[in-house]
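Student: here is a sequence together with a model predicted from it:
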Amino acid sequence: MIEVSRLDGKGYHVNPHQIEYIEHNPDTTLVMLSGKRLIVREDFETIFSRIIEYRRLIGGFKNEE
C-alpha cells in the first residue's frame, strides 16, 4: 500500500495494483480499476516514486528485470 493525502490533508493508503491510470488536471487524480476517482495532494512524480518503492519492497520487479 502507498500513502496518499486527500485535499483536506487527511492521509490514507491505496493499493497501487488497483490504479488504472493517473490524470494530470490541476489536481492529481487516481483512477482505480473499479472506476472510482481519488483526488490527491501529491503530484505524479511523488506517486510514481512511492509505487516504485512499494514494488521494490514486495519484490515486484524480480519478474520484470
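Tutor: Nice, thanks for sending it over.

Student: how close does G59 sit to R50?
Tutor: 16 Å (C-beta to C-beta, to the nearest Å). In this view, the C-beta of every residue, glycine as well, is placed from N, C-alpha and C.

Student: quick one, which of the two is more surrounded?
Tutor: Higher neighbour count among G59 and R50: R50, with 17 against 8, using other C-beta atoms under 10 Å.

Student: which SS state does the more buried one fall under?
Tutor: helix (DSSP: H, G, I helix; E, B strand; the rest coil).

Student: same check on I39?
Tutor: From three-state DSSP, the assignment for I39 is strand.

Student: what stretches of this protein score poorly on pLDDT?
Tutor: For the chain, the stretches with pLDDT under 70 are 60-61, 63-65.

Student: helices of that one, start to end?
Tutor: 44-58 (DSSP state H).

Student: now N25, what are its backbone angles?
Tutor: Torsion angles at N25 (phi, psi; degrees, to the nearest 10) stand at phi -100, psi -160.

Student: what's the local residue count around it?
Tutor: 7.

Student: T46 too?
Tutor: 14.

Student: what of the one 5 residues further on?
Tutor: A count of neighbours around I51, defined by other C-beta under 10 Å, yields 17.

Student: for it, which non-adjacent residue is spatially closest?
Tutor: P16 (4.6 Å; C-beta to C-beta, 6 or more residues apart in numbering).

Student: how near is that neighbour to R6?
Tutor: Counting by C-beta to C-beta, the gap from P16 to R6 is 17 Å.

Student: now S34
Tutor: From S34 to R6 the distance is 18 Å (C-beta to C-beta).

Student: who has more neighbours out of the two?
Tutor: Higher neighbour count among S34 and R6: R6, with 12 against 8, using other C-beta under 10 Å.

Student: wait, the more buried one sits on H13?
Tutor: No. Counting by C-beta atoms under 8 Å, H13 is not a contact partner of R6; they are 12.0 Å apart.

Student: next, the contact list for V40, please.
Tutor: With contacts defined as C-beta atoms under 8 Å, 6 or more residues apart in numbering, V40 is in contact with 4-7, 27-30, 47.
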